[in-house]
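>>> This is a predicted model, with the sequence first.
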Amino acid sequence: MLGKVVVIGVGLIGGSFALALKKAGAARHIVGMGRSHEAMARALELGIVDSITESFEEAMAGADLVLLAAPVAQTGPILAALLPYLEPGTVITDAGSTKSDVVASARAALGAQVSQFVPAHPIAGRESNGPDAALVDLYQGKKTVITPLPENAAGDVGLVAAAWRLCGAVIHTLTPEQHDRVFAAVSHLPHLLAFALVDDIANKPHADQLFQYAASGFRDFTRIAGSSPEMWRDISLANRDALLTELDAYLAQLTVLRERLAAHDGPGIEAIYTNAQRARRAWSEAIETSEPKTQEPE
């Protein structure tokens, strides 16, 4: 049972965390903070949080756990703002989609007190944003990756893991560097591609006609292009090196496909498609047997 939990950024990720803790009866009082007073008022109205404040001093007083659920570029400024009010028993965690940059920002902002910061990343989401997008079961059966620091106390890491387990998550552990390499390939690159495709079509002179005939395949492929541009801008820049590596590999694959298409190489094209189909089916079957059917991760 947690006493006071502070959620900074009560949108989809932070709001769903708060709702899940409430459902589990795991927090005595949840405080919401955010840049938009209107969004915070809405979170309070929806019962996602028990109170809201614009004061870090008020929020941090007696806090057991603080979740940063804001765009990753805001990590440093937020941590610097709360540092003067950080009590010895308070544990801070985050939900950022990149970890190496977050860890660097935390070290710079918190100094010796970085030991109280336990980085994490819940692998769940949807394209909607804001308090109204929050779901009580968003994390059920989904992975949460914790990337502990050498300075972290085992009990603090355990507290963060326990909080996410109470939300229904399955805990995995990686280093920040491992995390960023993995998610550059399976999350950040797909978002970049979806945004790029929709932007390309939207900029064509006959875009209205193209969108008129776009159907389920286009909708499924581009769903994640409905995500927050601000958040994904920050993620792309934060994980730039790993993302560039994956983008270069993908461009090389596109070059191979283009060459085979130009050469009317049907068997060569089919070989790539067949390998992709086999891998996709194997992954999908593994997901279906290991996770309940809830919102797909992003």
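Noted; the coordinates are in hand.
>>> how about stretch 48-56: buried residues?
Ile48, Val49, Asp50, Ile52, Thr53, Phe56 (16 or more other Cβ atoms under 10 Å). C-betas here are computed from N, CA, C, even on glycine.
>>> So which elements touch whichever helix or strand Gly155 is part of?
Of the helices and strands defined by DSSP states H and E, Gly155 is found in helix 154-166. Contact here means 3 or more Cβ pairs under 8 Å, 6 or more residues apart in numbering; DSSP states H and E; on that basis helix 154-166 packs against helix 12-24, strand 65-68, strand 91-94, strand 117-118, strand 120-122, strand 143-146, strand 170-173.
>>> In what element of secondary structure is Glu246 found?
With DSSP H and E as the test, Glu246 turns up in helix 240-262.
>>> Enumerate the positions of that helix that are buried.
So helix 240-262, judged by 16+ other Cβ under 10 Å, has buried residues Ala242, Leu243, Glu246, Leu247, Arg260.
>>> In terms of helix, strand or coil, where does His29 fall?
strand (DSSP: H, G, I helix; E, B strand; the rest coil).
>>> can you pull the pLDDT of it?
His29 carries a pLDDT value of 98.
>>> what does the one 4 residues further on give?
Per-residue confidence for Met33 comes out at a pLDDT of 97.
>>> quick check: angle from the next helix or strand after the helix holding Glu246 to helix 240-262?
As assigned by DSSP H and E, the chain's next helix or strand after helix 240-262 is helix 266-290. Counting by axes from the mean of the first three to the mean of the last three Cα atoms, to 10 degrees, helix 266-290 lies at 140 degrees to helix 240-262.
>>> How far off centre is helix 266-290?
Centroid separation between helix 266-290 and its chain, computed with Cα atoms, centre = their mean, to the nearest Å, is 26 Å.
>>> hang on, the earlier thing: tell me which of the buried residues of stretch 48-56 is nearest to Trp232?
Ile48 (23.4 Å; Cβ to Cβ).
>>> Against Thr274, how distant is that closest one?
If you measure Ile48 against Thr274 using Cβ to Cβ, to the nearest Å, the figure is 46 Å.
>>> Repeat that for Pro190.
Applying Cβ to Cβ to Pro190 and Thr274 gives a distance of 21 Å.
>>> So between the two, which is more surrounded?
Pro190 (16 against 11; other Cβ atoms under 10 Å).
>>> what residues are up against the more buried one?
For Pro190, the contact set (Cβ atoms under 8 Å, 6 or more residues apart in numbering) comprises Ile224.
>>> Go ahead and list the helix or strand containing it.
Using DSSP H and E, Pro190 falls in helix 189-202.
>>> For the stretch 101-250 of the chain, which residues score under the pLDDT cut-off?
Counting by pLDDT under 70, the stretch 101-250 of the chain shows no low-confidence range.
>>> Just give the closest residue to the residue nearest the centre of the chain, not the sequence neighbours.
Residue closest to the average C-alpha location in the chain (Cα atoms, centre = their mean): Ser97, at 4.3 Å. Excluding its sequence neighbours, the residue lying closest to Ser97 (Cβ to Cβ, 6 or more residues apart in numbering) is Ile235, at 4.8 Å.
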